[in-house]
Every structure is written in C-alpha cells, then in structure tokens.
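Asker: For reference, the sequence and a predicted model appear below.
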Amino acid sequence: MSKTLLSRIKPLHPPKPTPSPFRVPLHLKNIIYEVIQILKTHPQWPDSLETRFCDEETLPSEIAHHVFDQIHDVELGIKFFDWVSKREPQHFPLNGLAYSSFLKLLARFKLFSEMDSALENMKMEEIKPTHEALSFLIRVYADYNFVDKALQLFYSVVKIYNSVPNLLACNSLLHSLVKFKKVEIACKVFDEMVVRDCCFDNYSVSILVKGYCNIGKVEEGKKLIEDMWGKNCVPDVVFYNTLIDGYSTKGDVERTNELFEKLKMKGFLPTLKTYGAMINGFCKKGDFNAIKKLLKEMKQMGVAVSTQIYNTIIDAWYRHGFDVKVTDTIKQMIESGCEPDIVTYNILISGLCKDGKVLEAGELLGQAKKKGLIPNKISYTPLIQGYCKVGEYLLALDLLTEMSERGHTPDLVTFGALVHGLVVRGEVDAALTIRHRMIERGVLPDAGIYNVLMNGLCKKGKFSAAKVLLAEMLDQNVPPDAFVYATLVDGFIRNGDLHEAKKLFETMIEKGMDPGAVGFNVMIKGFCKFRKMKEALLCINRMIEAHSTPDEFTYSTILDGYVKQHDMGGALRMFGQMMKRKCKPNVVTYTSLINGFCRSGDFSNAERAFKEMPSCGLEPNVVTYTILIGSFCKEGKLAKAVFYFELMLSNKCTPNDVTFHHVVNGFTNCPSAILDNQSLEQKSLFLESFYMMISDGYARRAAVYNSILLCLCQNGMTRIALQVKDKMISTGFLPDPISFAAFLHCICIEGKSKEWRNIISDDLNEEELKTALKYSLLLNQNLPYRTPSEASHILQTLIKHCSYEDLKQVSVK
C-alpha cells in the first residue's frame, strides 16, 4: 500500500497542541519581538543585545525558548543559541525548555548533524528534553529515513517519561520501520504503544498490517485487524485493500476473491486501489478473463482505469507470451481516458526488443520523446542491448551518449548490456573501448563484464590480452569469481595450452575459490581433449571432495573422452557409474555412446541406444542422426542410412552440411552391386525416387540430390530445400523437372499455389513437364495424411496447355 493510500486514514484522536503553562506577559512579548528584530536587522547584533539586556531584569536564557519558537531563520537561531550559552554558562544556563525549542528549530530545517550535537550536549549536561520536542524529532528522523535514530529516541521517551511519544511520532516511526522491512521491530514498538498508553489508531494498525503483507505474513496482518477491532480501530476499505494486495502479491487469488466479495457485503465500495490489487493478482496468474470482468465492473461502478493498471496488464501480456499490438494498445488506452506514461513505453519497448523488433522499439522511443516524456535508464537499456544483437552497435553507442546527455548516468546494467551485445557480435575491440569509457565515467566494471570481455578475447585467440584483463581486475580490487577463471581456463584449453589452463585452475583453488561444477567440468574437458583420462578421473574425485556433485556434463565429457580413444569398456563403465549415481543421461551422453558403438562396428547396440532415448524423455539431435547416417553410409548400409535420414526429417530435425555430405557421397561412391541390394521393409520416398531416377537415366549424384529435395519438400522444409538447390547449382547441377516438381509442391504446401509463377520459373517443355508430373504423383503418394497437393493439378494443366499449343501450330501449318 502506497504512502498516498495510508495517508487517507486520519487518526481517531489527533494530538492537540500542548497548552502553554502560563500566558506570556506583554512586556516579555515585547522583549521577544525586539530580540528577533535585532537579530534580523542589526549587523552588530551581539553588541545591540548586550545593550538591550544590560538594565533588563529578564535574562536572555529566560526567553530563549520563545525566541527559538518564533524565529524563522535557523542561522540566526544558532547564533542566538551560541551567544546565550557563552553569556550565561554557569549561573543562568539554558534549561530543558530552551534546548527543546532549539531542537525543534533545527529539526524544522533538517539540520541532522546539529540536532545530534545538541542532543549529545544535553545528555552530558543532564538536561531533559520535553516530551513534545522528542516526539517532533522522532517524526523528522523517521520521515527522512534515519530510522535507527528515531527508534533510539522512541525508547528514550519511554525511559524518561514512562510513556510513548505522541501518536504522529509513533506512526511516523512505524511507517519508516515497515518501509525498511524491519517488521519485527515495528511490532515491538506497536506493543509499547498499546500497552503503555493505548496510543494507536486506524493508521497505526494499517501500517503494521502492510508490514506483515510485505513479508508475506498476510494471515498475521488479518489477525491483527481482528484483535484490534473496536480498540481505537474501526476497519474500513483501506484495511481490505491492504489485505487484498497482500494476497494478490502472494498469488493467492482464491483468498483475494473471498475478501473482495466480503468487502462488498460489508457495504464498502471498492476503490481504484482495490481493483488495482485484484487485477495485479490475476495478472500474475494469467487469468485474463477475470481481468476483463473486473474492467467491465469498474466501468459500471464509474471507477476510471488508471495508467498504472493498464501498465500492469500490458506487462502481464508480455510475461504470458501474448502477441501485443503496440499501436492498438496505445490507442485503446487513450480512448479510455488514460494517457500512456514513460512506464507504458518502457514495457512496450522492452517487449518489442525481446521479440526482436528493435527498429520498431526505437521508433516507439521517438514517439515517447515527441509526447514530452523523459526516457530513463529502463527506456534505454533494452534498446542498447537489442541494437547490439542485430549488429547496430553504432546506434547503441548513440543511445548511450543520448542517455548521458539527458542526465542519466549509465550504470553497470546499461554498460553491461552494450559490452555483452558487442562481444556477441564479435566486436571485442569496440567492447573494450566501452570499458575505457566506463572507467572514465567512474563506473568500474564488475566481474560479470570482465568475464564477458575475457570470453570474447579467448574466442578471438587473444589470450595474452585476456590475461592482461585479469591483472587489471586484481589492480582494480575486483575479485575474479570462479566463472572468470573458468572462462580463461576454457580459452587456453581451446587454444591447445593445457599447461597454462592447469596453472590457472590451481591458482583459483589456491586462492580459496570454489571452482564449482562449471570450473571442474572445464578442466575435465581439457584433460579428455588431451587424452589424459587418469587426470580427468582424479579431477572428478577432487570435485566430489570439494562437495561439488558431478553432473551429466561431467560424465558425458569423460564418456566421450573414452569413445575418442576407442575404449568402449571405459565408456560403458562411466555410463554405469552415471546411472548408479542417479545422474540422468542427456542427449550428449547417448550421442557419445552411439558414436562409440558405431566406431567399433556394433550397430545393433548403437540402434538399441538410439531407441532408448525417447523412453528417457530425450530427442535425438542433428549430431545423433548424422553419426548414424554417416556410419551406415560408410559401411554401405544405405537403406539404414536412408531410414534414419527420413526419420530425422519426419521428426523436424534439420540436417546440416555434414548430414547431406554423408548421404550424397554414400550413394554416389557405393559400388553398383551393393547399391542394387538396398531395400527397406517399409515404404521410402527417398529409395523409390532414387531408383526411379536411375532407371530414367539420371546420374547417381543428380538422383541423390533430387531425392533429398523430394524428402525435404515432403516434410515442408522449404528453406533447407532452397539451400540444397543452391549447393547443387554450385557443384554444376542445373535445376531439372524433378527439382521443379519438388519446389512446386513446397509452394503449394505453404498455401501459395496461386503465386507459384512469381517464385519459380516455368521453362519446361511438354516432355519435361510429364517427367515432373511423374515424380509429383510419387510425392503425392508419400505426403503425410495422404493429402494431395495442388502441384500435380498445376502440372497437368501445363501439359494440357502445351498439347493445345502444339495442335494449334499443326493446324496453322
């Protein structure tokens, strides 16, 4: 609950000003007035005051508290205090009343160090401040976030006067304690208020209820209301709002609804805050139907939707994966009487950047500026990062400059976004320049930024520069964390320098740093790469001793190391150890096992491992399929290779260049005797089309490329098919009737049958069209769900047109 909401509750018993114990006589009023005028107007006021009081029976110390109460210039008040203190230090010192008035004067002008000094002097001289003065000081200290000082004075009042400060002071202290999440201390203060003077009201209870809700103890807040009911506390709509907000924050929509209905049953009208809290809860849950009903109810009740509520809803749309129409959203807000603020634009800009629509986000920032809204750090940061992701780092740098010119000092988050974006794009030198600019502006890079920079340098092979950055970190007193060391260790391993990697790894441990699973895994990967399996196993033991649990990456790395050394026994032992420790294998684990079995010619176990993967909830990836396809092609088992190729496509796993290379070379280089014996138990478009093309006189290489194209189009992989076509052309194969048929099918499957002439050229003669139709009909028979494509109909129409044109030419002759 905001301070604005809390401030709506007024105390039941507002404190009355403490009446003066006696009326100020007229002659004293005149003296007080004269003293203030002398202080204000006489340059030599000390001499003037001495002259004024030389024959006066009334001493300055006797009227000092009145002067402090009535003077409106704190500097003059301090000068008068010093003058009186020095003039009558022993016989007529300032009393508690004068000191208290002086303290209130200092507090009114927020001179906290002077207040502290005055309190310390009073303590040394054993002068007691008034209850009123201490209460006023507590309010000022609490309101300006000096919560510890306010709390200290609270207990001073309890000790000196055996009562609590006045209600305003107590409520200010409670509010400040809750603000800084010191709810337990606030509860003790509240207990003192109740027990000693029954000094509390609705506002006091509301503050404490809000405190409980802030730390998730909504039930305790509810119980407090029940306990205080009738004891200076009459629950109203604000209490309900606080509890509804508490349950909404916790995500307890059921309790929120119960309270909402109870509120209305008690005769209270829901306020904007009530609806805002309810909508916030439903936004977290993603229940947009409930939000729609609440918005409708608000309209019926005449409660206008605020910009803040709209912002909450828009943010929830993005968080729950909705496609937000930016223009329509802004238009809808304005039509409903809500003017989008900078928070609205920030949410939309961030959402667009996450969706990759960075240029649109940039235009939106421009719109916000035209409307007179002032962008802040949150406006710029996602845009800077987004521009870097799409390679527009110059635009990102321009935004960084604009941000600085507008008075927003870029922080670590903003600089970090730019550095990360530049490194991802490979612009490491530009990222290093940003690091220099950070240091110039007094923003020191943290371990995360150094880690990103070192990672970029390592990928570029600039290991000496990465080590210089490590030294700079140490000079700047930025302690490198385990991730920084792991990045450098991995970089040296990739560069083939195991010795330097080991040195860094040992340095990290000597410095008392825990490498964690990431650090140990990097080092194990290095040992496996350099065929040092014993050291890799010792590293696992060290890992366990350091209380880091080996994970699937650890075991998969060592298993793969054994496979590359042709030690399937070691690989299987590691797999068994992995299962024994109940560490679930991942795709990499099974892929390494399959690779090992294939290398040793044990294809039955390779296929058995492949079939196990779905039962473990794993989907084979392109590497898994490619290993099987390549191995079967190498062994001349082309039918098996085709089976896994077609399975790969049907499972929507995109082949890579290595996959295509295996298939093309397998069928091109296979001896004829072996090629003639390839068959599958089940139907195969690839084999059927391949043998049909060989029978039709096509060269093997052209036949295999066309078979690949037909299979890709069968599975709707148009983009990959186009890439294969380009590869065909680059190797000297021109498009032919079969590739024309394949691409015509792709276009029709994508629903663009009416646009096919704008996408592919039609320069085939009648015979070529008939060939295309032959393979189109074959493709039709193998399409999923047996749904015929419009491609065959288009080809038949083209053939008829060609026949008609031929007849026309004959009749003319």
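Answerer: Happy to help now that I have it.

Asker: After the helix or strand where Leu649 lies, which helix or strand is next?
Answerer: Assigned by DSSP states H and E, Leu649 belongs to helix 638-650. The helix or strand immediately downstream of helix 638-650 is helix 657-669, counting by DSSP H and E.

Asker: returning to what we had before: measure how the helix holding Leu649 sits relative to helix 657-669, angle-wise.
Answerer: Orientation check (axes from the mean of the first three to the mean of the last three CA atoms, to 10 degrees): helix 638-650 against helix 657-669 gives 150 degrees.

Asker: got a list of what Ser48 touches?
Answerer: When contacts are counted by CB atoms under 8 Å, 6 or more residues apart in numbering, Ser48 touches 38, 42. No exception for glycine: its C-beta is placed from N, CA and C like everyone else's.

Asker: The same query, at a cut-off of 10 Å, please.
Answerer: 34-35, 37-39, 41-42 (CB atoms under 10 Å, 6 or more residues apart in numbering).

Asker: doesn't it fall inside a helix?
Answerer: Yes - assessed with DSSP: H, G, I helix; E, B strand; the rest coil, Ser48 lies in a helix.

Asker: What score does it have for pLDDT?
Answerer: As predicted, Ser48 sits at a pLDDT of 90.

Asker: Start at 132, not 1
Answerer: Sure, I'll start numbering at 132, so the last one becomes Ser179.

Asker: thinking again about what came up before, enumerate the positions of the helix holding Leu780 that are buried.
Answerer: 769-777, 779-780 (16 or more other CB atoms under 10 Å).

Asker: before we move on, back to that, which one of the contacts of Ser179 is nearest to Phe821?
Answerer: Using CB to CB, Leu170 is the member of these that lies nearest Phe821, at 107.7 Å.

Asker: separation between that closest one and Glu631?
Answerer: Using CB to CB, to the nearest Å, we find Leu170 at a distance of 76 Å from Glu631.

Asker: Write the PyMOL selection for whichever of the contacts of Ser179 are buried.
Answerer: Selecting only the buried entries of those in PyMOL, with 16+ other CB under 10 Å as the criterion:
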select buried, resi 166+169+170
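
Asker: Between the contacts of Ser179, which sits nearest Pro541?
Answerer: Of all the contacts of Ser179, Pro541 sits closest to Leu170, with 48.8 Å by CB to CB.

Asker: check contacts around the closest one.
Answerer: Contacts for Leu170 were tallied using CB under 10 Å, 6+ apart; they are 176-177, 179-180, 198, 202, 204, 206-208, 210-211, 214.

Asker: so what's it closest to, chain neighbours aside?
Answerer: Distance criterion CB to CB, 6 or more residues apart in numbering; nearest residue to Leu170, sequence neighbours excluded, is Leu207 at 4.5 Å.

Asker: What number of neighbouring residues does that neighbour come out with?
Answerer: Neighbourhood size, Leu207 [other CB atoms under 10 Å]: 17.

Asker: Name the helix or strand for it, please.
Answerer: Secondary-structure assignment from DSSP H and E places Leu207 in helix 205-218.

Asker: what's that helix packed up against?
Answerer: helix 157-172, helix 176-184, helix 191-201, helix 227-239, helix 243-255 (3 or more CB pairs under 10 Å, 6 or more residues apart in numbering; DSSP states H and E).

Asker: now the end-to-end length of stretch 172-188.
Answerer: 24 Å (CA to CA, to the nearest Å).

Asker: Which of the residues in it are classified as buried?
Answerer: 176-177, 179-180, 183-184.

Asker: Stretch 869-877 too?
Answerer: By neighbour count on 16+ other CB under 10 Å, the buried set for stretch 869-877 is 869-877.

Asker: now do stretch 279-298
Answerer: So, applying 16+ other CB under 10 Å, buried residues of stretch 279-298: 280-282, 284-285, 287-288, 295-298.

Asker: Take those and write them to a markdown table, including pLDDT.
Answerer: Shown next, in a markdown table, are the buried residues of stretch 279-298 (pLDDT from 0 to 100):
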| residue | pLDDT |
| --- | --- |
| Lys280 | 95 |
| Ala281 | 95 |
| Leu282 | 95 |
| Leu284 | 95 |
| Phe285 | 95 |
| Ser287 | 93 |
| Val288 | 93 |
| Val295 | 93 |
| Pro296 | 93 |
| Asn297 | 93 |
| Leu298 | 91 |
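
Asker: In helices, which of the residues you listed fall?
Answerer: Using DSSP state H, the subset of these located in helices is 280-282, 284-285, 287-288, 298.

Asker: helices or strands up against the helix holding Leu780?
Answerer: helix 734-743, helix 753-765, helix 788-800, helix 816-826, helix 831-845.

Asker: out of the ones you listed, deepest packed?
Answerer: Comparing these by mean neighbour count (mean count of other CB atoms under 10 Å), helix 831-845 ranks first with a mean of 24.

Asker: That one: how far from the chain's middle?
Answerer: Centre-to-centre, helix 831-845 and its host chain are 45 Å apart (CA atoms, centre = their mean, to the nearest Å).

Asker: which element follows that helix toward the C-terminus?
Answerer: Immediately after helix 831-845, counting by DSSP H and E, sits helix 849-861.

Asker: Taking helix 769-781 as reference, get the angle to that following helix.
Answerer: Here helix 849-861 points in a direction 130 degrees away from that of helix 769-781 (the same axes, to 10 degrees).

Asker: returning to what we had before: for the contacts of Leu170, could you give me TSV that also reports distance to Gln498?
Answerer: Putting the contacts of Leu170 into TSV (distance: CB to CB, whole Å) gives the following:
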residue	distance to Gln498
Trp176	60
Pro177	63
Ser179	64
Leu180	64
Val198	58
Ile202	53
Asp204	49
Glu206	49
Leu207	53
Gly208	52
Lys210	56
Phe211	58
Trp214	62
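
Asker: Between those residues, which sits nearest Cys519?
Answerer: Nearest to Cys519 among those, with distances taken as CB to CB, is Glu206, at 53.1 Å.

Asker: quick one: that closest one and Leu237 touch, right?
Answerer: No - between Glu206 and Leu237 there is no contact under CB atoms under 10 Å: 11.2 Å.

Asker: between these two, which one's more packed in?
Answerer: Leu237 (25 against 11).

Asker: which residues sit in contact with that one?
Answerer: 199, 205, 208-209, 212, 243-250, 268, 271.

Asker: any idea how far Leu268 is from it?
Answerer: Distance from Leu237 to Leu268, by CB to CB: 9 Å.

Asker: Then Arg218?
Answerer: Distance of Arg218 to Leu268, computed by CB to CB: 26 Å.

Asker: For Gly487, which residues are in contact?
Answerer: 517, 520-521.

Asker: Three-state assignment for it, please.
Answerer: Secondary structure, three-state DSSP: Gly487 is coil.

Asker: which intervals of this structure have sub-threshold pLDDT?
Answerer: For the chain, the stretches flagged by pLDDT under 70 are 132-153, 219-223, 360-366, 803-813, 889-893, 915-920, 934-944.

Asker: ok, which stretches of the stretch 232-381 of the chain are helices?
Answerer: 243-255, 262-274, 278-292, 298-310, 314-323, 333-345, 349-359, 368-381 (DSSP state H, counting those that start in this stretch).

Asker: And those helices: which comes nearest Gly417?
Answerer: Proximity to Gly417 (CB to CB) singles out helix 368-381 among the helices of the stretch 232-381 of the chain, at 13.4 Å.
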